[in-house]
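Engineer: Give me coordinates for this.
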Amino acid sequence: MTKHAYLIIADNKFEQLGFLLTLLDDSRNDIYLLIDKKTPLTQQDKQKLHACVEKTTLLILHDVKITWGTYSLMRL
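Structural biologist: Just a heads-up that it's a prediction; the model follows:
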């Protein structure tokens, strides 16, 4: 079985992000979600995002300060 990995870089708009996650929810997908450290992300927000996927492995990274359009997006 082949798998796909998605790297999604997000800032806010968690409702849209949740909708995207439901569309990508498949057991053949892994999703890596990078959210800017400057964006307030509560534990409740994380739980809502994890609730959007049932079959997919979701990893949320929130410890990188991103300056959009610069090398900081590539440092990981």
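Engineer: which element follows the lengthiest helix in the chain toward the C-terminus?
Structural biologist: Taking DSSP state H as the criterion, the chain has its longest helix at helix 14-24. Heading C-terminal from helix 14-24, the first helix or strand you meet, by DSSP states H and E, is strand 29-35.
Engineer: Whichever helix or strand comes after that next one packs against which elements?
Structural biologist: Next in sequence after strand 29-35, counting helices and strands by DSSP H and E, comes helix 43-51. With contacts defined as 3 or more Cβ pairs under 8 Å, 6 or more residues apart in numbering; DSSP states H and E, the secondary structure elements packing on helix 43-51 are helix 14-24, strand 57-61. Bear in mind the C-beta positions are built from the backbone N, C-alpha and C, glycine included.
Engineer: mind checking how far the most centrally placed residue in the chain is from residue 64?
Structural biologist: The centroid of the chain falls nearest to residue 33 when counting by Cα atoms, centre = their mean (2.1 Å). When Cβ to Cβ, to the nearest Å is applied, the distance between residue 33 and residue 64 equals 12 Å.
Engineer: same deal with residue 70?
Structural biologist: Counting by Cβ to Cβ - residue 70 and residue 64 are separated by 12 Å.
Engineer: between these two, who's got more neighbours?
Structural biologist: residue 64 (15 against 9; other Cβ atoms under 10 Å).
Engineer: Need the nearest residue in space to the more buried one, chain neighbours excluded.
Structural biologist: residue 37 (5.8 Å; Cβ to Cβ, 6 or more residues apart in numbering).
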